[in-house]
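*Asks:* give me coordinates for this.
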Amino acid sequence: MIIELIGYIGSIIIVDSMLMTSVIKLRLLNMLGGIIFSVYALMIHSYPTAIMNIVLSIINLVNIHKLMAKEKKYSIVKLNSEDTFLRFFLYQHESDIKIFFPNLEIKRNYDYAYIVCYQSNPVGIFLGMAGEENSIEIKIDYVTPAFRDCSIGSYLYEYISARKGISSLTFKKPTEEHRKYLLRMGFIEKDDSYVKAF
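*Replies:* Prediction:
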């Protein structure tokens with residue numbers, strides 16, 4: 001019974017890994033599932049299955065190392081909030097954006113509008129309004145699922161902090177998922193807002 005349970009757990013983790021949108025998370029889960037399934041295969045003396053899963057786990061480990069070691073080179077394009085491409089990006093990702101930013105207003109004019117690109121492909125967007133005391137009130141800070149490892153946020157906030165006259169970023173009443181992200185990115189809770197000072 002316990003042996004079968006190990007096999008089921010390994011299988012479930014491998015299947016679950018295929019649902020990941022992040023390549024690194026996919027490979028990590030797949031490797032973990034492969035290791036567990038290898039143990040199960042060895043316990044039932046299915047050596048070809050064990051060897052296959054051990055090899056796949058090693059391949060995953062090598063690829064994870066390559067992904068982690070490879071420096072991601074981003075670029076930022078400053079846009080007008082009425083830019084056609086900006087609106088196109090928002091419409092394309094509207095349903096996913098609304099999970100984190102339910103009050104999305106596509107047709108609103110924003111004081112700050114940036115698209116973050118990876119190898120010339122748009123992968124993130126930042127929209128904000130001028131706030132009090134040289135701050136920016138973030139309205140949308142969205143990244144496509146495959147790039148949600150905080151590296152874009154770090155790059156973007158460093159870029160913004162280097163702009164003259166900007167002292168802090170503020171986000172009001174985030175969703176629970178976005179709140180966790182803000183805390184990882186160094187924002188501090190203040191009243192009903194989260195603030196990152198430069």
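*Asks:* residue 155: what's it in contact with?
*Replies:* 74, 76, 116 (C-beta atoms under 8 Å, 6 or more residues apart in numbering). Backbone N, C-alpha and C define where each C-beta goes, glycine included.
*Asks:* now with 10 Å?
*Replies:* By C-beta atoms under 10 Å, 6 or more residues apart in numbering, the residues touching residue 155 are 72, 73, 74, 75, 76, 116, 118, 124.
*Asks:* for ChimeraX, what selects the buried ones among those residues?
*Replies:* Per 16 or more other C-beta atoms under 10 Å, the buried members of the contacts of residue 155 correspond to this ChimeraX selection:
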select :74,76,116,118,124
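*Asks:* can you lay out the contacts of residue 155 as CSV showing secondary structure and pLDDT?
*Replies:* Formatted as CSV, those follow (DSSP: H, G, I helix; E, B strand; the rest coil; pLDDT from 0 to 100):
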residue, secondary structure, pLDDT
72, coil, 68
73, coil, 82
74, strand, 89
75, strand, 91
76, strand, 92
116, strand, 93
118, strand, 89
124, strand, 93
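*Asks:* hmm, who's touching stretch 9-23?
*Replies:* Contacts of stretch 9-23 (C-beta under 10 Å, 6+ apart): 25-41, 53, 56, 60, 63-64, 67, 96, 144-149.
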